[in-house]
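J.: please find the sequence and the predicted model below.
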Amino acid sequence: MYKIGDKILYPMHGAGTIEKIESREILGQVKDYYILNISCGGMGLMLPVDSCDKIGVRPIVSAEEMEHAFCILGEESTKMADNWNKRQRENMDKLKTGKIEITAEIVRNLTRNDRDRKLSAGEKKMLSNARRILVSEVMLVKGIDSEEALALVEAAI
């Protein structure tokens, strides 16, 4: 169980800090919830405490793991499916893992594809979401604001 002040990543939404732990009654059941403030965008979320493992919530990575993610951003792009629909599904499944290495790979590949040939609307949205998730974790690990974090990510690609 996490505590107030812990920095965690909620896959598909980003990294943030637990501001409160509250009990709420929803649909006749009382459950404990983490009140999470997402660092990038200031969005607030309620996460059921008992579902965190199932949905892939994890502590933010260490500085060493973050450096490894930046190395991945600078590596060669990996092969993706030619069919945009299949590529979209594969990237969505990868993003749901919450693994920073995989998120960095998606951001790198889609950013480079967008530079070479413009992405479809769905892939632009996927890139925006993956980038936001990565930037939110960079912000917390490095203690910087979103503009600085985004600049570091872009420079690494």
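T.: Yep, it's here. Predicted model only: the values in this text are computed from it and were never measured. Numbering: from 1, shown residues only.
J.: packing partners for the host helix or strand of Asp32?
T.: Asp32 is part of strand 29-38, with elements assigned from DSSP states H and E. When contacts are defined as 3 or more C-beta pairs under 8 Å, 6 or more residues apart in numbering; DSSP states H and E, strand 29-38 sits against strand 7-10, strand 14-26, strand 44-48. Where you see a C-beta, it was placed from the backbone N, CA and C, and this is true even at glycine.
J.: 10 Å instead?
T.: On a contact count with 3 or more C-beta pairs under 10 Å, 6 or more residues apart in numbering; DSSP states H and E, strand 29-38 meets strand 7-10, strand 14-26, strand 44-48, helix 121-142.
J.: tell me the domain boundaries of the chain?
T.: 7-59, 63-156 (automatic domain parsing).
J.: and those domains as JSON lines, adding mean neighbour count and distance to Met1?
T.: What follows is those, written out as JSON lines (neighbours: other C-beta atoms under 10 Å; distance: least, C-beta to C-beta, whole Å):
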{"stretch": "domain 7-59", "mean neighbour count": "15", "distance to Met1": "7"}
{"stretch": "domain 63-156", "mean neighbour count": "16", "distance to Met1": "18"}
